[in-house]
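# attaching a predicted model along with its sequence, questions to come.
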Amino acid sequence: MESTGLRIHWQPPSESAQSEQLIYGIHRTLFGDCLIAKTAIGICQLELFDRLSPTEARQYVQATWPKADIEDQPTATIAIAQQLFCHAAKDPDPLCLHVRSTVLQQQVWQSLLQIPRGATTTYQALAVAIGRPKAARAVGNAVGKNPIAYLIPCHRVVRQSGELGGCRWGRDRKQQLLAWEAECF
DNA sequence: ACCGATCCACAAA
DNA sequence: TTTGTGGATCGGT
């Protein structure tokens, strides 16, 4: 319900060479240090870490977007961090995402957006949903490349066997997010 | 050609 | 019952 306003600008990887203006900030949240980066178009990165120092953050963002002109500007991202992990966020501002993806990644990530809050699905089910029933593993790879934590809810995907499955930002964090969502139902 | 946020069947303990 | 192992699978680099 909170994802009513989520517009996504998809960009093919072939355009990855172009340089961009990019600002970012680190913010303390319930789930660790949240790194948020955005372009003029929208949020292009949203990742969670146990701890992320300012220098690490800068290096990390620069490594992810080698051609971009980046600038630490937390005042521009703090509002996003605040509205994200809050039950009572009423009238959340519509957010815009700016993501670069392959065709499969776009299919998979769009499927992720349809998993309701508090629910989970499996890598296998996602594979079936996009018409590639044998590609569970490739789907897992695509899920694992999601650069927008929480808003594109990759944490809601578990193994067919019921095991938790992997997580780019650590299994603990995946577990935390799921527990939190189950709780505030 | 190699690597994965997978899955399944089947063997061994 | 539980744990381990090997093979199938397939997109990304």
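That came through fine.
# now do the domain split for chain A, please.
Here the domain parsing of chain A from the TED database is A:7-97, A:101-184.
# for the closest residue in space to A:Leu6 that isn't next to it in sequence, give its distance to DNA strand C.
Excluding the flanking residues, the one nearest A:Leu6 by CB to CB, 6 or more residues apart in numbering is A:Leu95, at 5.6 Å. Yep, even glycine has a C-beta here, placed from its N, CA and C like the rest. Using CB to the nearest atom of the strand, to the nearest Å, one gets 24 Å for the distance from A:Leu95 to DNA strand C.
# how about A:Gly162?
In terms of CB to the nearest atom of the strand, A:Gly162 sits 12 Å off from DNA strand C.
# next one: A:Arg168
To DNA strand C, A:Arg168 is 14 Å away according to CB to the nearest atom of the strand.
# do A:Ile80 as well
Applying CB to the nearest atom of the strand, one obtains 26 Å for the distance of A:Ile80 from DNA strand C.
# got a list of what that residue touches?
Taking CB atoms under 8 Å, 6 or more residues apart in numbering, we find A:Ile80 in contact with A:36, A:38, A:43, A:95.
# and the gap between it and A:Leu35?
Here A:Ile80 is placed at a distance of 11 Å from A:Leu35 (CB to CB, to the nearest Å).
# re earlier: I'd assumed A:Gly42 was in contact with the residue nearest to A:Leu6.
Yes: A:Leu95 lies in contact with A:Gly42 (CB atoms under 8 Å); the separation is 7.1 Å.
# out of the two, which sits in the more crowded spot?
When A:Leu95 and A:Gly42 are compared for neighbours, A:Leu95 comes out ahead with 20 against 16, by other CB atoms under 10 Å.
# how about the residues of chain A by DNA strand B?
Selection of chain A residues close to DNA strand B by CB under 7 Å from any atom of the strand yields A:122-124, A:136-141, A:143-144, A:146, A:154-155, A:157, A:159-161, A:165-169, A:174.
# take those and keep only those in helices.
A:123-124, A:136-141, A:143, A:174 (DSSP state H).
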